[in-house]
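Q: here's my sequence, what's the structure:
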Amino acid sequence: MFKVVIAMRMVLTTALLALVFLSSWGTPPRLVLYPQGLALVEETRSFELESEGTLVVENLPQGILLESLVIEGVTVLSLSPTVSAPDPQARLEGQYVEVVSPAGTFHGRVISAGDDRISLATDSGFVFIRDYQVLRVPYPPRRAVEVRYLAESPGPSSITLRYLARGISWRTHYRATLGGEELELVGVAELINETGLSFSGATVELIAGEVYTPAPEAGAYEVRALVAAPSAEVAPAGEYHRYSLPEPVELGPGTLLVPLVSATLPYEQAYRFQGGAVETVIRFRNSVLPLPAGEISFYEEEGRLLVGAASIGHTPVGEEVELAIGAAFDLTGERIHVSGVRLGDDFYRDTYRIVIRSAKEEPVEVEVLEYLTGSWTITWSSLPYQAVDAHRVLFRLSVPAGGEAEVSYTVEWSHR
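A: As a prediction, this is how the structure comes out:
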């Protein structure tokens, strides 16, 4: 079977490319990650410099935004992208590759390889491939830049690189365990590295907020084991929030979960009807730290029973959180339009009746939330109501065990 091995057995023949391998990684990198799939990377590398010359900076992410690249330590005369040369001494084992075979195309880390076979660790498990057709190494491909420079101090020197790159992002997952009058909230940050590169010992900062980023070029996790780890430190960053991870991170290709927040908060559970199903609602005040947007899974029985899930937006400290996590099985609601009359050119009168039925063994209170359009006035109601905002009113309905309760009201309204 014909095989093409790309970028692994190339021979470096020019002095220009040979210069690259005099370089080495310097201090651990710093990564600032944005939820929009963008990272600001800062790293230091060591080079052997002349007073004037050309060097190639290798192993840059395929998703680098070259216009964002800043190079400190030399005076840059010109910069142009070039082909990233491989390390001829690198072993195939441990590299992330793409393999094309009659059985399909596979991506993963090489466990072992021979003349006509290769085994990979992929997201779907271990794969053994024989008689493959194409092997692309590394994958995703790397980028490089050729830099013409002037140096004040020839010899061994450190150069700092700072650039934006796509393919590195983060998102938040929360787990809330309900018990008594308090919930235990645990949040983790999922760091996603799709560059194929490893960032060893990286200092990581996470930016939460709706950041407008440059335009692009043409599962469930168990987090309980991370509760004891230190939480991130939070500080303002412009109009956003910055979460600094307390420990350096070994961010290799793939996904990594790190602790973000752990807290115990008072909460209340309520039932709400606004047409459709009667929903179970969880409310709590965020008194811990600004919470990045993410999905919260809710559990009972000390985490042994999933009872619902919901998403929150970016939530400042002091903000009330109200989340509908599911439909109440033993509660049903019905909204009935009793009558409607047109009183004038743009003036109407409507009467509504809402009935809540319960199969529960204990009495409950159900919040009935009604949405009213236009300019309105409730002229009569069978129960008191609370105006929530300009278009919503709230009735509190006490529903007996195994029984039903209702509320009726008449509203006069116009489109003006």
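
Q: now name the helix or strand holding residue 147.
A: If you go by DSSP states H and E, residue 147 is part of strand 143-150.

Q: next one: residue 370
A: strand 364-371.

Q: what separates the following helix or strand past the strand holding residue 147 from the chain centre, distance-wise?
A: Downstream of strand 143-150, the first helix or strand assigned by DSSP H and E is strand 155-166. How far strand 155-166 lies from its chain's middle: 27 Å, per CA atoms, centre = their mean, to the nearest Å.

Q: export whatever helix or strand comes next after strand 155-166 as PDB, just CAs?
A: Downstream of strand 155-166, the first helix or strand assigned by DSSP H and E is strand 168-179. Output in PDB follows, covering the C-alpha atoms of strand 168-179 (Å, rounded to 0.1, in the frame of the first residue of the first chain):
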ATOM      1  CA  ILE A 168      -7.700  27.600  22.600                       C
ATOM      2  CA  SER A 169     -10.800  28.400  24.600                       C
ATOM      3  CA  TRP A 170     -12.600  27.800  27.800                       C
ATOM      4  CA  ARG A 171     -16.100  27.400  29.200                       C
ATOM      5  CA  THR A 172     -17.700  26.900  32.600                       C
ATOM      6  CA  HIS A 173     -19.500  23.900  34.100                       C
ATOM      7  CA  TYR A 174     -21.300  24.000  37.500                       C
ATOM      8  CA  ARG A 175     -22.700  21.400  39.800                       C
ATOM      9  CA  ALA A 176     -25.200  22.400  42.500                       C
ATOM     10  CA  THR A 177     -26.200  19.900  45.200                       C
ATOM     11  CA  LEU A 178     -29.500  20.800  46.900                       C
ATOM     12  CA  GLY A 179     -29.900  20.000  50.600                       C
END
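
Q: by contact count, what packs against the strand holding residue 147?
A: strand 52-60, strand 64-72, strand 75-83 (3 or more CB pairs under 8 Å, 6 or more residues apart in numbering; DSSP states H and E). (Glycine included, C-beta is placed from N, CA and C.)

Q: which one of these is the most hemmed in?
A: Among these, ranked by average contacts under mean count of other CB atoms under 10 Å, first place goes to strand 52-60 (a mean of 19).

Q: in its sheet, what does that strand sit against?
A: Applying DSSP bridges to the sheet, strand 52-60 is found paired with strand 143-150 (antiparallel).

Q: what does the partner strand contact?
A: 16, 49, 51-62, 64, 66, 69, 71, 74-85 (CB atoms under 8 Å, 6 or more residues apart in numbering).

Q: out of the helices and strands packed on strand 143-150, nearest to residue 322?
A: The closest of the helices and strands packed on strand 143-150 to residue 322 is strand 64-72. By CB to CB, the value is 39.1 Å.

Q: which strand or helix spans residue 42?
A: Counting by DSSP H and E, residue 42 is found in strand 38-49.

Q: what stretches of the protein score poorly on pLDDT?
A: Low-confidence segments of the chain (pLDDT under 70): 1-26, 84-90, 210-231, 236-239.

Q: hmm, back to that, distance to residue 94 added to the helices and strands packed on strand 143-150, as JSON lines?
A: Output for the helices and strands packed on strand 143-150, formatted as JSON lines (distance: least, CB to CB, whole Å):
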{"stretch": "strand 52-60", "distance to residue 94": "15"}
{"stretch": "strand 64-72", "distance to residue 94": "23"}
{"stretch": "strand 75-83", "distance to residue 94": "22"}
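
Q: nearest to residue 164, out of these?
A: Evaluated with CB to CB, those place strand 64-72 nearest to residue 164, the distance being 4.1 Å.

Q: for the closest one, name the packing helices and strands.
A: Counting contacts by 3+ CB pairs under 8 Å, 6+ apart, strand 64-72 is packed against strand 75-83, strand 143-150, strand 155-166.

Q: now distance to residue 184 too, for these, in a markdown table please.
A: Shown next, in a markdown table, are those (distance: least, CB to CB, whole Å):
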| stretch | distance to residue 184 |
| --- | --- |
| strand 75-83 | 50 |
| strand 143-150 | 45 |
| strand 155-166 | 36 |
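
Q: the stretch 151-300 of the chain: strands as residue ranges?
A: Using DSSP state E, counting those that start in this stretch, the strands found in the stretch 151-300 of the chain span residues 155-166, 168-179, 182-193, 199-208, 233-237, 240-244, 249-251, 254-273, 278-285, 294-300.

Q: so which of these is nearest residue 319?
A: strand 278-285 (7.3 Å).

Q: for the closest one, packing partners?
A: Applying 3+ CB pairs under 8 Å, 6+ apart, we find strand 278-285 packed against strand 254-273, strand 305-312, strand 320-327, strand 331-344.

Q: at 7 Å instead, please
A: When contacts are defined as 3 or more CB pairs under 7 Å, 6 or more residues apart in numbering; DSSP states H and E, strand 278-285 packs onto strand 254-273, strand 320-327, strand 331-344.

Q: buried set for that strand?
A: Of the residues in strand 278-285, those buried by neighbour count under the rule 16 or more other CB atoms under 10 Å are 278-282, 284.

Q: equivalent analysis for stretch 151-167, please.
A: Going by 16+ other CB under 10 Å, stretch 151-167 has these buried residues: 151, 159, 161, 163-167.

Q: go on, stretch 395-415?
A: 395, 397, 399, 405-413.

Q: what about that stretch, start to end distance?
A: From its first residue to its last, stretch 395-415 covers 24 Å (CA to CA, to the nearest Å).

Q: who touches it?
A: Contact with stretch 395-415 is made by 346-368, 372-383, 385, as judged by CB atoms under 7 Å, 6 or more residues apart in numbering.

Q: also stretch 98-105?
A: Residues contacting stretch 98-105 (CB under 7 Å, 6+ apart): 106-107, 118, 120, 129, 131-136, 139.
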